[in-house]
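Enquirer: Quick one, structure for this:
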Amino acid sequence: MNIRSSSLGILTLFATLCAYGQGISFLYDQQSSTNEGYYGYGSGPTYQSMLPTTGQSFTPTLAGIDFIRLELNDASPAGTLSSTWFLNLHSDSIHGPILGTTAPVYLPGGFTGAANFFFPSTIPLTPGTSYWFDLNSPNGGNWSVLAWVFNYPGGYAWSGDVARPGGDYWFREGLVVPEPSSVALLLLGGAAFICFRWPCHK
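Expert: Okay, the predicted model is just below:
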């Protein structure tokens, strides 16, 4: 192995080590809809009031989960009641063992839109097995979640502690994928230039 190929190996390794920490992207697995944003009056979807044991079942194809994304709305008349929410992930049933709990998410009064709920670390899942998540708040409030007209085949909504087959909440779930940093991209570019300028086989 000559100096040039050794340098290329070192640069590539360094670039790989630097490739984490700049940003993230989402690898979606299960989702009831890919459309995000405000659904106005007459559009079909409605914001369902949060009732006891509000949640959704889903059947993953990936072997882990990092986050769940939901469309939420502050339904208070003045739109001024902020609230904090978190999700529990269950196995077996919506009342089954809790596999993990997301970090709490603060939502300001008047909020309408998509919110990401992240688990502290990746939770292992068994592909093809049903799981459930439910919404919880230590301070409650008159909030709603986007629901009902979505046709997700891998599960169904729960509302008021009652299964709602044929109805689903708007949700997306999956894994977080680190994006390469700009430093890593520059290093990889430099390594490629070295290999191009001085062929590595010499």
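Enquirer: Which residue lies nearest the spatial centre of this structure?
Expert: By CA atoms, centre = their mean, the chain has its centre lying nearest to residue 67, at 3.2 Å.
Enquirer: With adjacent residues omitted, what lies nearest to it?
Expert: Once flanking residues are discounted, residue 67 sits nearest to residue 118: 4.9 Å by CB to CB, 6 or more residues apart in numbering. No exception for glycine: its C-beta is placed from N, CA and C like everyone else's.
Enquirer: Repeat that for residue 36.
Expert: Using CB to CB, 6+ apart and skipping residues adjacent in sequence, the residue nearest residue 36 is residue 114, 5.1 Å away.
Enquirer: if I pick the one you found, what's in contact with it?
Expert: Contacts for residue 114 (CB atoms under 8 Å, 6 or more residues apart in numbering) come out as 36, 37, 69, 70, 71, 72.
Enquirer: Just name the shakiest helix or strand of this protein by mean pLDDT.
Expert: Least confident element among the helices and strands of the chain, by mean pLDDT, DSSP states H and E: helix 3-17 (a mean of 43).
Enquirer: what's the following helix or strand after that helix?
Expert: Following helix 3-17 in sequence order, the next helix or strand is strand 23-31 (DSSP states H and E).
Enquirer: For that next one, buried residues please.
Expert: 29, 30, 31 (16 or more other CB atoms under 10 Å).
Enquirer: thought the last one was touching residue 172?
Expert: Yes - here residue 31 lies in contact with residue 172, judged by CB atoms under 8 Å, at a distance of 4.0 Å.
Enquirer: ok now the longest strand seen in the chain, how far from the chain's centre?
Expert: Ordering each strand of the chain by length in residues (DSSP state E) puts strand 112-124 first. For strand 112-124, the separation from the chain centroid amounts to 5 Å (computed by CA atoms, centre = their mean, to the nearest Å).
Enquirer: how much does it deviate in direction from strand 23-31?
Expert: 90 degrees (axes from the mean of the first three to the mean of the last three CA atoms, to 10 degrees).
Enquirer: right, and the helix or strand after strand 112-124?
Expert: As assigned by DSSP H and E, the chain's next helix or strand after strand 112-124 is strand 131-136.
Enquirer: Need the contact partners of that following strand.
Expert: Applying CB under 8 Å, 6+ apart, the external contacts of strand 131-136 come out as 50, 53-60, 65, 68, 70, 85-91, 93-94, 96, 99, 125, 145, 155, 158, 171.
Enquirer: tell me the domain ranges of the chain?
Expert: As assigned by automatic domain parsing, the chain contains the domains 1-22+180-202, 24-178.
Enquirer: tell me, which of those is the model least confident about?
Expert: Here the domains of the chain differ in mean pLDDT, and the lowest is domain 1-22+180-202 at a mean of 47.
Enquirer: For stretch 70-85, give me every contacting residue.
Expert: Where contact means CB under 8 Å, 6+ apart, the residues beyond stretch 70-85 that reach it are 36, 39, 47, 49, 104-115, 117, 135-146, 169-171.
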